[in-house]
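Colleague: Structure here, sequence nowhere to be found:
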């Protein structure tokens, strides 16, 4: 059985803007969640913040990547909301 893989490439160009915001990492965690083999399902979480000196505010965000090595299912969440989910058996995120 031959299967053809189609890959899509997207390029996004952004115009840099001057800003006094700073970004900083608050927390990074990596968990192995597999029921039978811990390394078969993984979750990586990044919490980071932006500072805005204009009004002395801090805005925090979290990005979570969960994937199953066995099934190839991957899910990406931003601030608790799913933004992408895909399944490609045998694919690596590294």
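Modeller: Cool, got the structure. This one's a predicted model, so the numbers in the text were calculated from it and none came from an experiment.

Colleague: Check what pLDDT the most centrally placed residue in the chain gets.
Modeller: Per Cα atoms, centre = their mean, the C-alpha nearest to the average position across the chain is that of residue 65, at 4.3 Å. Here the pLDDT value assigned to residue 65 is 93.

Colleague: quick one, what contacts it?
Modeller: The neighbourhood of residue 65, defined by Cβ atoms under 8 Å, 6 or more residues apart in numbering, consists of 43, 44, 45, 74, 75, 76, 77, 93. Quick note: C-beta positions are derived from backbone N, CA and C, even for glycine.

Colleague: Which members of those residues are positioned in strands?
Modeller: The strands, defined by DSSP state E, take in 43, 44, 45, 74, 75, 76, 77 from the contacts of residue 65.

Colleague: Compute the number of surrounding residues for the last one.
Modeller: Residue 77: 17 surrounding residues under other Cβ atoms under 10 Å.

Colleague: now residue 41
Modeller: When neighbours are counted by other Cβ under 10 Å, residue 41 registers 19.

Colleague: Check the gap between it and residue 79 for me.
Modeller: Summarising the geometry, the distance separating residue 41 from residue 79, computed by Cβ to Cβ, to the nearest Å, is 22 Å.

Colleague: re earlier: mind putting the ones in strands among the contacts of residue 65 in a markdown table, distance to residue 26 and pLDDT included?
Modeller: A markdown table is the format used below for the ones in strands among the contacts of residue 65 (distance: Cβ to Cβ, whole Å; pLDDT from 0 to 100):
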| residue | distance to residue 26 | pLDDT |
| --- | --- | --- |
| 43 | 17 | 91 |
| 44 | 14 | 92 |
| 45 | 10 | 93 |
| 74 | 24 | 91 |
| 75 | 22 | 93 |
| 76 | 19 | 94 |
| 77 | 16 | 95 |
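
Colleague: circling back: neighbouring strands - and their directions - for the helix or strand where the residue nearest to the centre of the chain lies?
Modeller: With elements taken from DSSP states H and E, the one containing residue 65 is strand 57-68. According to DSSP bridges, strand 57-68 has the following sheet partners: strand 41-52 (antiparallel), strand 73-78 (antiparallel).

Colleague: These into a markdown table, with extra columns for distance to residue 33?
Modeller: A markdown table is the format used below for the strands paired with strand 57-68 (distance: least, Cβ to Cβ, whole Å):
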| stretch | distance to residue 33 |
| --- | --- |
| strand 41-52 | 4 |
| strand 73-78 | 12 |
